[in-house]
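Asks: the sequence and its predicted three-dimensional model are supplied below.
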Amino acid sequence: MTSGVRVSLRSASEADADFVYALAETTMREYAIQQFGRWDAEKTRSSFDAKNHAIIQRDGADIGVVATRHEPAHVFIEKLYIAPNHQNRGAGAAVLNLLADDAERTSRGLRLSVLRVNPARRFYERNGFVVTEVTDERYFMERLPNSRS
């Protein structure tokens with residue numbers, strides 16, 4: 001799926017920690033409470049490591065965050081959060097395409113997990129991901145190299 005939306009990624013810094021936490025809370029708190037019965041602010045704050053995070057920008061404004069872990073056979077997307085007022089406008093798909101381009105240069109696919117209560121699963125399926133494993137809490141998904149939709 002080609003979005004036509006232009007976004008850019010800039011490396012995160014420690015100064016972005018509060019932005020990333022606020023975005024995580026805004027986009028994920030409801031789903032965490034539905035899935036686990038609570039929101040763990042301490043765990044969420046401690047999951048920020050500037051080395052594996054990038055800030056998503058559109059027209060110079062910070063609109064989201066993505067965190068990735070590079071493995072030999074794939075790139076694992078640990079977080080992809082878009083600010084609510086920028087959702088459903090192609091930014092998430094544009095980020096996935098940037099990540100796919102990078103992963104495909106080294107013949108790797110993309111993997112992620114999504115909470116079972118989170119409707120983002122449909123977004124990922126529309127963008128070429130398939131469910132590879134299901135647990136009580138999560139769907140594990142993969143998009144193989146060259147599987148653009």
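Replies: Good, I have the coordinates.
Asks: you'd agree residue 67 is up against residue 76?
Replies: No - applying CB atoms under 8 Å as the test, residue 67 and residue 76 come out as separate, 9.3 Å apart. Backbone N, C-alpha and C define where each C-beta goes, glycine included.
Asks: residues contacting the nearest residue to residue 89 once chain neighbours are set aside?
Replies: Distance criterion CB to CB, 6 or more residues apart in numbering; nearest residue to residue 89, sequence neighbours excluded, is residue 5 at 6.6 Å. Contacts for residue 5 (CB atoms under 8 Å, 6 or more residues apart in numbering) come out as 58, 89, 90, 91, 93, 94.
Asks: can you count the residues close to residue 140?
Replies: Neighbour count of residue 140, defined by other CB atoms under 10 Å: 15.
Asks: residue contacts, it?
Replies: 111, 112, 113, 131, 132, 133, 134.
Asks: host element of it?
Replies: Assigned by DSSP states H and E, residue 140 belongs to strand 138-143.
Asks: cool, residue 80 as well?
Replies: strand 74-82.
Asks: may I see the buried residues of that strand?
Replies: Residues of strand 74-82 classed as buried by neighbour count (16 or more other CB atoms under 10 Å): 74, 75, 76, 77, 79, 80, 81, 82.
Asks: show me which of those residues is closest to residue 28.
Replies: Closest to residue 28 out of the buried residues of strand 74-82 is residue 81 (7.0 Å), distances taken as CB to CB.
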